[in-house]
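Student: Below are the sequence and a predicted model; questions follow.
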Amino acid sequence: MLWKKDMLFCEISPLTYAISEQKEIAKRHLKNLLSKDIIARAYYEEKLPHVIAHQTSHLIKRGKGIDPTLQQNKAQNIRLACEQLNGLMIRPGETFSFWLTVGPTTKRRGYKDGRVIIDGKLTSGIGGGLCNLSNTIHRLVLHSPLEVTEFHAHSDALAPDEGGRVPFSAGTSVSYNYIDYRFRNTTSQVIQLLVWCEGDELVGELRSRKPFPCRYDISEEDHHFRKEGDKYYRVSKIFKDTYDKKTGRLLMHQLVLDNHSEVMFDHDLIPQDQIRED
């Protein structure tokens with residue numbers, strides 16, 4: 001690749017990208033050392049009695065342009081990570097960190113090549129596919145009173161929708177260890193995170209000892225696809241809605257994502273009735 005004046009150091013070659021990534025990993029290790037966050041570390045084998053939120057996600061995506069081997073590897077990577085996360089207890093005031101819990105995704109620990117996004121392009125990499133897991137956890141948190149403290153987005157249009165549109169069916173990015181996903185338990189109860197695999201399904205739950213007075217939902221407004229130059233984007237606004245359980249009254253309609261995601265799948269698979277011209 002020819003070097004251009006406006007290119008970033010990480011864009012010059014795969015070697016400079018790897019150097020830049022190691023620099024970011026080192027910076028995050030230092031940031032973690034200096035942080036005052038209390039990271040959740042305790043586990044509890046038995047399930048707490050009350051389900052706050054429950055989510056499922058397909059482990060294997062099938063379709064045009066989707067590599068089945070990378071999908072199978074992704075499922076293996078997610079199963080390994082679930083073993084580190086399942087049963088984690090987040091006490092009041094504690095913070096959940098995806099990477100401080102899952103740890104490094106190395107071949108030695110059993111991780112395989114899965115699908116990753118590098119420089120805006122889909123490719124393969126060790127430990128790929130864990131964004132599927134972090135996104136499922138993010139959906140759980142959005143359906144709870146927990147507070148998201150670190151969130152990074154990638155495209156919410158990696159593959160065609162399976163059935164009806166599900167807001168935040170994708171879009172939560174993680175990359176060891178500097179692109180983390182974190183949330184804080186701002187409630188007065190201990191919260192338990194459960195994640196496991198059943199066949200081709202990823203299942204996640206948040207549990208507590210007692211119910212909370214509110215329920216939570218995700219809503220989406222003005223969802224469509226838009227052509228901008230030679231590219232297509234999924235565009236929408238995604239909200240977290242908080243309701244009083246007793247009265248059913250909407251207490252809060254909070255914008256959590258102003259969605260503008262480049263379509264990463266075959267443009268011919270975009271529903272034509274959902275496309276608006278720029």
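Tutor: That came in fine, so what should we check first?

Student: all strands of the stretch 51-200 of the chain, in order?
Tutor: In order along the chain, the stretch 51-200 of the chain carries the following strands (DSSP state E, counting those that start in this stretch): 88-90, 95-97, 113-118, 121-126, 147-150, 182-184, 191-198.

Student: would you put the C-alpha positions of the helix or strand that the last one is followed by in CSV?
Tutor: Downstream of strand 191-198, the first helix or strand assigned by DSSP states H and E is strand 201-208. Coordinates of each C-alpha in strand 201-208 appear next as CSV, following Å, rounded to 0.1, in the frame of the first residue of the first chain:
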residue,chain,number,x,y,z
GLU,A,201,-29.0,-20.2,20.7
LEU,A,202,-27.2,-17.9,23.1
VAL,A,203,-29.3,-17.2,26.2
GLY,A,204,-28.8,-14.4,28.7
GLU,A,205,-30.5,-13.4,32.0
LEU,A,206,-30.2,-10.8,34.7
ARG,A,207,-31.5,-11.9,38.1
SER,A,208,-32.1,-10.4,41.5
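
Student: before we move on, the earlier item: out of the strands of the stretch 51-200 of the chain, nearest to K61?
Tutor: Put simply, out of those the one that sits nearest K61 is strand 113-118, at 9.0 Å, with distance taken as CB to CB. The way it works is simple: take the backbone N, C-alpha and C, and place the C-beta from them, glycine included.

Student: Tell me where the model's unsure across this protein.
Tutor: Within the chain, the stretches with pLDDT under 70 are 1-14, 17, 65, 119-120, 278.

Student: ok, back up a step: the strands of the stretch 51-200 of the chain into JSON lines, with extra columns for distance to V235 and mean neighbour count?
Tutor: What follows is the strands of the stretch 51-200 of the chain, written out as JSON lines (distance: least, CB to CB, whole Å; neighbours: other CB atoms under 10 Å):
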{"stretch": "strand 88-90", "distance to V235": "34", "mean neighbour count": "20"}
{"stretch": "strand 95-97", "distance to V235": "30", "mean neighbour count": "22"}
{"stretch": "strand 113-118", "distance to V235": "19", "mean neighbour count": "20"}
{"stretch": "strand 121-126", "distance to V235": "20", "mean neighbour count": "15"}
{"stretch": "strand 147-150", "distance to V235": "22", "mean neighbour count": "15"}
{"stretch": "strand 182-184", "distance to V235": "26", "mean neighbour count": "21"}
{"stretch": "strand 191-198", "distance to V235": "30", "mean neighbour count": "20"}
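
Student: Distance to R139 added to those strands, as CSV?
Tutor: As requested, the strands of the stretch 51-200 of the chain are exported to CSV (distance: least, CB to CB, whole Å):
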stretch, distance to R139
strand 88-90, 16
strand 95-97, 14
strand 113-118, 19
strand 121-126, 22
strand 147-150, 11
strand 182-184, 12
strand 191-198, 12
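
Student: D244 is nearest to which of the ones you listed?
Tutor: strand 147-150 (19.1 Å).

Student: tell me what the closest one is packed against?
Tutor: helix 130-142, strand 182-184 (3 or more CB pairs under 8 Å, 6 or more residues apart in numbering; DSSP states H and E).

Student: Now with 6 Å, please.
Tutor: Contact here means 3 or more CB pairs under 6 Å, 6 or more residues apart in numbering; DSSP states H and E; on that basis strand 147-150 packs against strand 182-184.

Student: ok, longest helix in the chain?
Tutor: Of all the segments of type helix in the chain, defined by DSSP state H, the longest one is helix 14-34.

Student: Now that one - C-alpha only, CSV.
Tutor: Listed next in CSV are the C-alpha coordinates belonging to helix 14-34 (Å, rounded to 0.1, in the frame of the first residue of the first chain):
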residue,chain,number,x,y,z
PRO,A,14,-1.0,-4.8,8.9
LEU,A,15,2.3,-4.4,10.9
THR,A,16,1.5,-0.8,11.9
TYR,A,17,-2.1,-1.8,12.8
ALA,A,18,-0.7,-4.5,15.1
ILE,A,19,1.7,-2.0,16.7
SER,A,20,-1.1,0.5,17.2
GLU,A,21,-3.3,-2.1,18.8
GLN,A,22,-0.6,-3.2,21.2
LYS,A,23,-0.2,0.4,22.2
GLU,A,24,-3.9,0.7,23.0
ILE,A,25,-3.8,-2.6,25.0
ALA,A,26,-1.0,-1.2,27.1
LYS,A,27,-2.8,2.1,27.6
ARG,A,28,-5.9,0.2,28.8
HIS,A,29,-3.8,-1.9,31.3
LEU,A,30,-2.5,1.3,32.8
LYS,A,31,-5.9,2.9,32.9
ASN,A,32,-7.3,-0.2,34.7
LEU,A,33,-4.5,0.0,37.3
LEU,A,34,-5.3,3.7,38.0
